[in-house]
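> I'd like to go over a predicted model; first the sequence, then the structure.
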Amino acid sequence: DAPGAHKSGYAIRRSEDLNSWEYAPDHRGETVYSTDTGNTEEITALGDYPKNTTTIAPLTPYDKWDGEKWVTDTEAQHRAAVEAAETKRQSLANAAMDSISLIQLKLRAGRKLTQAETTRLNAVLDYIDALNAMDINMAPDINLPEIPLASAS
């Protein structure tokens, strides 16, 4: 017996008992998103969409599926922004401290600093103070202090 006419969005296949033809939803090549994790999955087999998936893409890594749509978990998003801001602040402070390591070595050795070195040291210390004064809980809406120019090291 011959298969039926083509229907858009379906593939024609033999039934399980091989006695007839049946239409199966054909979503092969489509991308769906896990409603549990938001991860992508490509459809490779005939049939309905897998359970716990949607064709709607989440907009952020912090989106959670509410049964009908993605809703951004703004608390998780904010926590991640604060963590990133703290990491950035610490990285900038470490880089600033590294930039004056020679000046620190001179001071520990009891040497006198040049005016340029004193100016540089004070600029970097002011910068670190400004970094530490930042309210990172306002992340991602924070303004980083301007990095002092490296005129002496």
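Looks like it arrived, so ask away.

> what sits closest to the most centrally placed residue in the chain if chain neighbours are left out?
Geometric centre of the chain, nearest residue: Pro61, 6.4 Å, by C-alpha atoms, centre = their mean. Leaving aside its chain neighbours, Pro61 sits nearest to Gly38 (7.1 Å; criterion: C-beta to C-beta, 6 or more residues apart in numbering). In short, each C-beta sits where N, CA and C put it, glycine included.

> so that neighbour belongs to a strand, correct?
No - with DSSP: H, G, I helix; E, B strand; the rest coil as the criterion, Gly38 is coil rather than part of a strand.

> coming back round to it: sec struct for the residue nearest to the centre of the chain, please.
Here Pro61 is recorded as coil under three-state DSSP.

> tell me the pLDDT of it.
Pro61 is assigned a predicted lDDT (pLDDT) of 96.

> mind checking how far it is from Met134?
Pro61 sits 24 Å away from Met134, going by C-beta to C-beta, to the nearest Å.
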